[in-house]
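>>> coords please:
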Amino acid sequence: MDNNLLQQFNDTLADTVERVQASLVQIVNGRGAGAGTIWHPDGLIVTNAHVVRGRHGLHVVLSGGQRLPAAVIAYDEPLDLAALSVEAAGLPTIALGDSRQVRPGQWVMAVGHPWGVIGAVTSGVVIGAGAQLPEVGQMQPGREWIALDLHMRPGHSGGPVVDSAGRLIGINTMITGPDVGFAIPVHVVKAFLKERLGTQKMAV
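Numbering: from 1, shown residues only. Below you'll find the model as predicted:
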């Protein structure tokens, strides 16, 4: 790859990351902070259930620094998903990808706030996807996951995992080792929102 192509590739990835970071929020829960992903421009935010579990007085901090009170409007602890609502309009969102087509070796990026570093990005490849991943299959049989070879850390929870085009394919949920992270596939998030919220605010 010559220098011009490498520079174009770097610039494209940097632009993609900037778009994703605009849709990333910080969720302040009174004892710390986690991440969340703007799902709908009218204030619907997706995060992990463990980020908001048992917390009151939740606030969401947008990428521009605006701090808004947030309410939990849907919650599923087994799926580790929660939906929050804030009073806002015109928020930036991430285009949705097809998590059913994710393949091992595919390049991905995860964004969050590891150790309080705002909007940090880590990248790597997909290890595997589906409901037959042995490392987590015994914990919750039948659940679908995306396994990732990248450096996720505490604070990435609830943030987006995107493909090389910046399309949302999953929500960061946990780590099981220094270089192994797991995400909730975006089609699982869609089903959760449809079940709990109906068709309202499903389009992005």
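
>>> isn't Ala131 right up against Ala147?
No: contact criterion CB atoms under 8 Å: Ala131 and Ala147 do not qualify, at 11.6 Å. Glycine gets a C-beta too; all of them are placed from N, C-alpha and C.

>>> between the two, which one's more packed in?
Neighbour count, other CB atoms under 10 Å: between Ala131 and Ala147, Ala147 has more, with 20 against 13.

>>> count of neighbours near the closest residue to the more buried one other than its chain neighbours?
Counting by CB to CB, 6 or more residues apart in numbering, Ile127 is the residue found nearest to Ala147 once chain neighbours are left out, at 4.0 Å. Counted with other CB under 10 Å, residues neighbouring Ile127 total 19.

>>> This protein: helices as residue ranges?
Listed in chain order, the helices of the chain (DSSP state H) span 3-22, 49-52, 134-137, 186-197.

>>> Most tightly packed of these?
helix 49-52 (a mean of 20; mean count of other CB atoms under 10 Å).

>>> measure Val52 to Thr16 for me?
According to CB to CB, to the nearest Å, Val52 and Thr16 sit 28 Å apart.

>>> so where's the chain shaky on pLDDT?
1-2, 134-141, 199-204 (pLDDT under 70).

>>> at 80 instead, please
For the chain, applying pLDDT under 80 flags the ranges 1-3, 5-11, 13, 29-33, 54-56, 132-142, 177-178, 199-204.

>>> Show me what the residue nearest the centre of it bridges to in the sheet.
With distances taken as CA atoms, centre = their mean, the residue of the chain nearest its centroid is Pro160 (2.4 Å). Bridge pairing for Pro160 (DSSP bridges) gives the partners Ile171.

>>> quick one: it from Gly30, how far?
According to CB to CB, Pro160 and Gly30 sit 24 Å apart.

>>> domain parsing for this structure?
Using automatic domain parsing, the domains assigned to the chain come out as 18-93, 99-189.

>>> okay, the ones you listed in a markdown table with distance to Asn4 next?
Formatted as a markdown table, the domains of the chain follow (distance: least, CB to CB, whole Å):
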| stretch | distance to Asn4 |
| --- | --- |
| domain 18-93 | 21 |
| domain 99-189 | 19 |
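
>>> Between those domains, which one is closest to Glu195.
Comparison of the domains of the chain against Glu195 by CB to CB identifies domain 18-93 as nearest, at 8.5 Å.
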